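Colleague: Give the three-dimensional model of this entry:
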Amino acid sequence: MQKLLPGIPRDNASQLYDWSVSDLRERCDLSELIAHKLVQGLNDRLSLDRELGLLDRSGIRWISLFDPDYPELLKNIHRPPTGLYIQGQLPQDKKSIALVGARRAGEYARVAVRLLVGHLVQDGWTIVSGGARGVDTMAHEQTIANGGQTVVVLGSGLLRPYPTSNRKLFERVVESGGAIVSSFPLKVEALPHNFPARNRIIAGMSQGSVVVQAAQRSGALITAEFALQEGREVFAVPGPIDDPLSAGCHAIIQSGAKLVHRPQDICQELSAVSVCSFVEPEEAKPASNRKVKMVQTVIGAPDVDDSTLLGLCRQPTCVDDLVERLGKELVDVQQELLTLQLEGRVEQLPSGMWKVTR
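Modeller: Okay, the predicted model is just below:
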């Protein structure tokens, strides 16, 4: 809490419940919008009571960042989720890899996933994905079929699983010893702006991310983006040159992602990377030119002027204010902030606000 809100009293954090919007803005360096939402949330004790009741009745667990069961790899990303809702059992080891791709995946993806997952499970890897249709579903199903463990990360609350067509699959994931995970309260619906946060968790829980079939602007590439941001490995399966679903994979391969020709390509690459290298993160440093170039390839070029954005960030500013002042889409502003962060030109403060680096 001290890291997230440095201005709160160290000896009596409960005073936070009595603070006004102006107190939070002055002491914790928050925007008016965020301070207002925080005051609303702190005052809504009934919501907390309802959530606790739902947890008791559903058998779902909530674990905090300080819980020993919190995934070690996820714990060490920049600003990890403060807590996770979990149904089932999280794997105890750190040998996890993400497998993501197109929702409209075809037979080529099915063959690739079957080949990769069979070998990865045999080699002891846990498969992490997002539970969506297409490649995600294939990855979870193949892991279960091969007797492995898989983790589904949702972009909704666990009592509102999405897509609803995969409810039976999610039950099988838990029955087979895997887990369903979300950072969202139990009854939150699957809204579009939830999915970047979900993709960030998928990448954060994994030593590397494998992309199987993805169009140029596929949401699966956002997972690769977050993996790059955290210094994790990114792999891509090439496909037919006349297939639009090959475009995203080919673009990131051209920019430096590891080409996957066979399952051993993944295992050999990750075996050379110690899991311990993810356990004690260093201070954030500007990314290499190669990494910045790959991210720009993955996310495309957002229609946001970086000089204007840098000017607005001379003082700490929240992303909601930036979206309003720029008149741009949230995803475009977030993408430009990520690129500037990788270049070492802006930083995200513990409060979540953005500021130019000195």
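
Colleague: Which segments of this structure make up each domain?
Modeller: 13-43, 72-278, 301-356 (automatic domain parsing).

Colleague: okay, the ones you listed, which one's buried deepest?
Modeller: domain 72-278 (a mean of 20; mean count of other CB atoms under 10 Å). For every residue, glycine as well, the C-beta is placed using N, CA and C.

Colleague: Could you pull up the mean pLDDT of that one?
Modeller: The average pLDDT for domain 72-278 rounds to 90.

Colleague: Going forward, count from 511.
Modeller: From this message on, residue numbering opens at 511, which makes the last subject domain 582-788.

Colleague: where do the strands sit along the stretch 611-760 of the chain?
Modeller: Counting by DSSP state E, counting those that start in this stretch, the stretch 611-760 of the chain has strands at residues 636-639, 660-663, 689-692, 718-722, 743-747.

Colleague: and the first one, C-alpha only, in PDB?
Modeller: As requested, the backbone C-alpha atoms of strand 636-639 are provided in PDB (Å, rounded to 0.1, in the frame of the first residue of the first chain):
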ATOM      1  CA  THR A 636       2.000 -25.500 -17.600                       C
ATOM      2  CA  ILE A 637       0.000 -23.900 -20.400                       C
ATOM      3  CA  VAL A 638      -1.400 -20.400 -19.800                       C
ATOM      4  CA  SER A 639      -4.000 -18.800 -22.100                       C
END
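
Colleague: Mind listing the strands that strand pairs with, and their directions?
Modeller: Strand pairing for strand 636-639, using DSSP bridges, gives strand 606-611 (parallel), strand 660-663 (parallel).

Colleague: Other residues contacting that strand?
Modeller: Contacting residues not belonging to strand 636-639 are listed as 601, 603, 605-610, 627, 630-631, 645-646, 649-650, 652-653, 658-663, 688, 712, 715-716 [CB atoms under 8 Å, 6 or more residues apart in numbering].

Colleague: again, 6 Å this time
Modeller: 601, 606, 608-610, 646, 649, 653, 659-661, 712, 715-716 (CB atoms under 6 Å, 6 or more residues apart in numbering).

Colleague: for the third one, same thing?
Modeller: Judged by CB under 6 Å, 6+ apart, the contacts made with strand 689-692 from elsewhere in the structure are 594-600, 661-664, 668, 680.
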